[in-house]
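> I'll drop the sequence and a predicted model, then ask my questions.
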Amino acid sequence: EDQVTQSPEALRLQEGESSSLNCSYTVSGLRGLFWYRQDPGKGPEFLFTLYSAGEEKEKERLKATLTKKESFLHITAPKPEDSATYLCAVQPRNTGFQKLVFGTGTRLLVSP
Amino acid sequence: NAGVMQNPRHLVRRRGQEARLRCSPMKGHSHVYWYRQLPEEGLKFMVYLQKENIIDESGMPKERFSAEFPKEGPSILRIQQVVRGDSAAYFCASSPPLKDYGYTFGSGTRLTVV
């Protein structure tokens, strides 16, 4: 069964304190791995898609990396506005469309 | 260019009533997906639709739930005879007809069954 596990469940950082979020996955062939950001009361906002091991993508203070078993979301010098829940999802290769399997997310709180 | 529009944002229903959730995809997007987010759980796929077609409904409960995406108008997720366990946030997402495109989510409908 396709599965995504995110850790930690919650993370509290001081402004400027860099850290990483982990997403471990088991999937019957990976078509793509997605990162989303979700603010309270809102829908997930797309951040990145990664397709193959070794791939990296960056956006402002965020960098996503991918290996054959896990993905990391690195947050460099975070600011309070980076506080949100970060969701990881995988798209299995054996589905003919974008059916995503989500983890339960990491709740990030950045204090000033 | 409006994003994915869902309404209502909040919906309260008594047990046994029907709930209708609406989703208007982004302009130019012909693919619609519905996901459900239960408290403390991840988003779970429910159904994938294109105009006038249900492509995959493998995540839909077998009873009481149905979805449609008519030729004209929004996509509708319908829940008949709601029960307390249906209380959740229901998210709609849309994408253009490209396989590897991160789709866009709406802000969701929060259903509360009392």
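Perfect, I can see it now. Numbers count the residues shown, from 1 in each chain, chains lettered A, B, ... in the order given.
> Please name the residues that touch the closest residue to B:Glu41 other than its chain neighbours.
Nearest residue to B:Glu41 in three dimensions, chain neighbours excluded: A:Thr104, at 6.4 Å (C-beta to C-beta, 6 or more residues apart in numbering or on different chains). The C-beta positions use only the backbone N, C-alpha and C, and glycine is treated the same way. A:Thr104 makes contact with A:6, A:9, B:40-42, according to C-beta atoms under 8 Å, 6 or more residues apart in numbering or on different chains.
> What about those, which one has the most neighbours?
Among these, the one with the most neighbours (other C-beta atoms under 10 Å in any protein chain shown) is A:Gln6, at 22 neighbours.
> just checking, that residue touches A:Thr106?
Yes: between A:Gln6 and A:Thr106 there is a contact under C-beta atoms under 8 Å: 5.2 Å.
> Which neighbours do the two have in common?
By C-beta under 8 Å, 6+ apart, A:Gln6 and A:Thr106 have these common neighbours: A:21, A:86.
> where's the residue in chain B positioned nearest to chain A relative to A:Glu58, distance?
Here the residue of chain B nearest chain A is B:Phe105; by C-beta to the nearest C-beta that distance is 3.5 Å. Relative to A:Glu58, B:Phe105 is positioned 22 Å away (C-beta to C-beta, to the nearest Å).
> just B:Pro97 next, same as before
28 Å.
> Next up, the contacts around residue 57.
Reading this off chain A. Going by C-beta under 8 Å, 6+ apart, the list of residues near A:Lys57 reads A:48-50, A:63-64.
> right idea, wrong chain: chain B
Listed by C-beta under 8 Å, 6+ apart, the contact set of B:Glu57 reads B:46-48, B:67.
> do that again at 10 Å, thanks
B:Glu57 sits next to B:34, B:45-49, B:65-67 when contact means C-beta atoms under 10 Å, 6 or more residues apart in numbering or on different chains.
> hmm, back to that, who has more neighbours out of B:Phe105 and A:Glu58?
More crowded of B:Phe105 and A:Glu58, by other C-beta under 10 Å: B:Phe105, with 23 against 12.
> For the closest residue to chain B within chain A, what are phi and psi?
Distances between chain A and chain B by C-beta to the nearest C-beta are smallest at A:Gly43, namely 3.5 Å. Per-residue torsions, A:Gly43: phi -80, psi 160 (degrees, to the nearest 10).
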